[in-house]
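> show me how the following folds:
(2 chains, ligands or ions: 1)
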Amino acid sequence: MLIDDYDPLKGKRLQILKETGTVIKTLEPQLEEDVLLKAYRTMVLTRAADDKAVKLQRQGRLGAYPPGLGQEASQLGPAMALDKNDWLIWAFREMGALIWKGVPLWRQFLYWMGNEEGNNFPDGIRVTPTSVPVGSQILHAVGISYASKIKKEGSVALVYFGDGGSSEGDFHEGLNMAGVLNTPTVFVCQNNQYAISMRRAKQTASQTIAQKALAYGFEGIQVDGNDLLALYAATKEAVDRARNGEGPTLIESFTYRRGDHTTSDDASRYRPEKEVTEWEKRDPILRFRKYLEKKKLWDDEKEKKLLDEIQDEVERCVAKAEAYHKPSIEDIFKHTYAEMPPELKDQMDRLQQREGSE
Amino acid sequence: MKMNMVSAINLALHQEMERDETVVVMGEDVGVDGGVFRVTEGLIEKFGPDRVIDTPLSESGIVGTAIGMAMNGLRPVAEMQFMGFSYLSLNQMITHAARMRNRTRGRLSVPMVLRMPYGGGVKALEHHSESTEALYAQIPGLKVVVPSSPKQAKGLLTSSIRDPDPVVFLEPKRSYRLIKEEVPEEAYTIPIGKARVMQEGDDVTVVGWGAMLPLIETATKKLEDISAEIIDLRSISPMDTETILESVKKTGRVVVVQEAPRSFGVGAEISARIMEKSVLHLEAPVERVAAPDITVPLPRSEDYYYINPDRIMRGIAKVMEF
Ligand SMILES: Cc1ncc(C[n+]2csc(CCOP(=O)(O)OP(=O)(O)O)c2C)c(N)n1
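Got it, this is the predicted structure:
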């Protein structure tokens, strides 16, 4: 059992796929070929879409955006361990996880372009909207999974947050509550070493974030956050445990944010370039590609074809988001309550009249 | 059956939990202890610890978790022990509960109730006497409901639990055991967003909510030759402007009684609405009887601060003599 064996207090970190693309055979998860290929495609798509979003922001076609460069595996691996009925609760940097869960990419562009309709996901996709206030979504996952537990739904809630998020009160209240209520929750901390400019070491004096789970009465594990297989395997085990009534788990995904915090940030002010280049060598996508190549599932020709395909897909999604109709006055009013109170209707009518007469 | 507000709320909780198994009650001490005011007494025995959740001391935790539960099909009724401690969870109410429906374009909603005792007049400790309903009422997406009597409390809480949106349900702790009245045994609802004319009158409209109503009644009984119309607002947000304006048409004079500090409060909002829609019916400026804009004093000085029938009478005299 991975989680029991990787006691965070003993300073152990789970890695299955090495930087060279070789695996630890005994730990290698048994995933179907098509799942492996889809995972690779999703990471490549995430990187391309992310890169596009940054460019669009520079051109003034999209608002401030938090890039996920280098965190593709950290985002995707945990999401891959979820079933359709499981919930995914994210922070703001998890584009790849959303793609895997079936949230249309064009909607994600639409959201970052500043339209709430971007959060309007297709029916049956159990994904919450972004949570901009750091850490506050952690509690929602506890509540969602509690509901699942008492409704005997069998679903699990997985929540992402950052190392910065682990300093917020809601993190402690969430983990504490989950431990006490024994909820089927999987906490995934994407420790990308920074919260804006603040280093991980300035967030907490504890050696790992994973070890904090022990204080709340459940298990924690630190995983190589650039190793898709390790993330998948650890999360799968945590999800299975949660589903079996064995309660929550905290997973610390040890990774690195290679981009700026958001497009409004300049990471060179607080981050040595050398550090970034060091982490480039551990690139999660490249590593996974080597693994596929060793398995004879991938080659240069396939890569080229995929990149072309993905370029098209990203462009199509951007075009679709940009073509989406401008929000109306009614759009901004209508979802405030299930039924619009008279005073609000009045205010809406007045605004419509004013805008109409201009 | 005659009962006080605590029993009426307790009965509403029993009935709604019975009627709908997605209703859950949660908070500090709400289970085995039955709540610090005994409002949730007997629930855990009947519905078990899965549906009556004794939570850690964790206000943001309670509300944030309730939001999640509501997003996944439950109807949590979360309790804050005192309104003065709800600020620890205000972030969750404002940044999530209030806007989830809007930001998901109606896909996810948060049908939760946040119940809490509010207000003073009971010589309580610091942070136990606040009346900050305006704080919640300013947040689009939240509803704010304040019952004034046992019968009102039962019907309004039932509606709040069944409401598809987040409701902040403020219980005037001063009135918890003060009044006993006939309360229907069976479940019933009182619509949110509708005020009630508690007493008809021709000369002056007196508007209040929660613990102010018994004081308004006492004050108006003492009036000679002045016939007061009393409006129990019941719901702060959405607010029933219509009922107020109808009354202003008839009386031309308005006194708003709020136990909260005077500035930026609900009284100011009522006054503004009357100015916007009914200024020509006014015979005098709208008068606010309110607390001063100061921290609620400790019990020794509470009487200086708290509204009493004399102050209400002086307010009425002022608009009558204008
Ligand atoms: C409650 C709150 N405080 C401050 C901010 C401003 N802020 C946005 S992101 C961020 C850093 C978050 O760091 P972390 O949780 O490690 O996630 P990362 O950005 O590294 O993915 C801060 C301080 C916020 N959004 N919410």
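> contacting residues around B:Met239?
Residues in contact with B:Met239 (Cβ atoms under 8 Å, 6 or more residues apart in numbering or on different chains) are A:Glu343, B:Gly193, B:Ala195, B:Leu233, B:Val266, B:Glu269, B:Ile270, B:Arg273. The way it works is simple: take the backbone N, C-alpha and C, and place the C-beta from them, glycine included.
> nearest residue to the second one in space, please, no chain neighbours.
The one in question is B:Gly193. In space, and not counting its chain neighbours, B:Gly193 is closest to B:Pro238: 4.3 Å by Cβ to Cβ, 6 or more residues apart in numbering or on different chains.
> again, but for the fourth one
Nearest in space to B:Leu233, with sequence neighbours left out and distances taken as Cβ to Cβ, 6+ apart, is B:Trp209 at 4.2 Å.
> show me the strands in the stretch 151-300 of chain B, by range?
Under the criterion DSSP state E, counting those that start in this stretch, strands of the stretch 151-300 of chain B are mapped to B:167-172, B:181-182, B:196-199, B:204-208, B:228-232, B:235-237, B:254-261, B:287-291.
> list the neighbouring strands of the first one plus their orientation.
Sheet neighbours of strand B:167-172, with direction, are listed as strand B:113-118 (parallel), strand B:143-145 (parallel) (DSSP bridges).
> show the average pLDDT along that strand.
Here strand B:167-172 scores 98 as its mean pLDDT.
> ok, and what's touching it?
B:5, B:9, B:39, B:83, B:93, B:112-119, B:133, B:136, B:142-148, B:153, B:156-157, B:160, B:192, B:210-211.
> need the residues of the stretch 251-358 of chain A near the ligand, please.
A:Arg257, A:His261 (Cβ under 6 Å from any ligand atom).
> which residues does the one residue in the stretch 251-358 of chain A that gets nearest to chain B contact?
Nearest to chain B in the stretch 251-358 of chain A, going by Cβ to the nearest Cβ, is A:Pro341, at a distance of 3.3 Å. Neighbouring residues of A:Pro341 by Cβ under 8 Å, 6+ apart: B:Gly193, B:Pro238.
> hmm, back to that, okay, the residue nearest to B:Gly193 and B:Leu135: tell me how far apart.
In this view, B:Pro238 and B:Leu135 are 16 Å apart by Cβ to Cβ, to the nearest Å.
> mind putting the contacts of B:Met239 into CSV with pLDDT and neighbour count?
Formatted as CSV, the contacts of B:Met239 follow (pLDDT from 0 to 100; neighbours: other Cβ atoms under 10 Å in any protein chain shown):
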residue, pLDDT, neighbour count
A:Glu343, 90, 17
B:Gly193, 97, 20
B:Ala195, 98, 20
B:Leu233, 98, 25
B:Val266, 98, 26
B:Glu269, 98, 19
B:Ile270, 98, 22
B:Arg273, 97, 17
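> now these in a markdown table, with distance to A:Gly11?
Putting the contacts of B:Met239 into a markdown table (distance: Cβ to Cβ, whole Å) gives the following:
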| residue | distance to A:Gly11 |
| --- | --- |
| A:Glu343 | 60 |
| B:Gly193 | 59 |
| B:Ala195 | 64 |
| B:Leu233 | 61 |
| B:Val266 | 57 |
| B:Glu269 | 59 |
| B:Ile270 | 63 |
| B:Arg273 | 64 |
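> let's see which of these end up in helices.
If you go by DSSP state H, these have A:Glu343, B:Val266, B:Glu269, B:Ile270, B:Arg273 in helices.
> my read: the second one touches B:Ile236, true?
This points to B:Val266. Yes - counting by Cβ atoms under 8 Å, B:Val266 does reach B:Ile236; the two are 5.6 Å apart.
> so what sits against both of those two?
Overlap of the contact sets of B:Val266 and B:Ile236 (by Cβ under 8 Å, 6+ apart) consists of B:Glu133, B:Ala134, B:Ala137, B:Trp209.
> closest to A:Leu69 out of those?
The nearest member of those to A:Leu69, counting by Cβ to Cβ, is B:Ala137 at 43.7 Å.
> tell me how many other residues surround that closest one.
Using other Cβ atoms under 10 Å in any protein chain shown, B:Ala137 is surrounded by 20 other residues.
> which pLDDT value belongs to the residue nearest to it when sequence neighbours are not counted?
Closest residue to B:Ala137 apart from its sequence neighbours, by Cβ to Cβ, 6+ apart: B:Ser237 at 4.2 Å. Note for B:Ser237: predicted pLDDT of 98.
> sorry, back to before: what's the closest of the shared contacts of B:Val266 and B:Ile236 to chain A?
Each of the shared contacts of B:Val266 and B:Ile236 was checked against chain A using Cβ to the nearest Cβ; the closest is B:Ala137, at 11.5 Å.
> my guess is the closest one contacts B:Ile236. True?
Yes - with contact defined as Cβ under 8 Å, B:Ala137 reaches B:Ile236; the gap is 4.7 Å.
> quick one, what contacts the residue of the stretch 151-300 of chain B found nearest chain A?
Going by Cβ to the nearest Cβ, chain A is nearest to B:Pro238 of the stretch 151-300 of chain B, at 3.3 Å. Applying Cβ under 8 Å, 6+ apart to B:Pro238 gives the contacts A:Tyr337, A:Pro341, A:Pro342, A:Glu343, A:Leu344, B:Lys143, B:Ile192, B:Gly193.
> by mean pLDDT, which helix or strand of chain B comes out lowest?
When each helix and strand of chain B is scored by mean pLDDT, DSSP states H and E, helix B:302-305 comes last, with a mean of 92.
> list the buried residues for that one?
For helix B:302-305, burial by neighbour count (16 or more other Cβ atoms under 10 Å in any protein chain shown) applies to B:Glu302, B:Tyr305.
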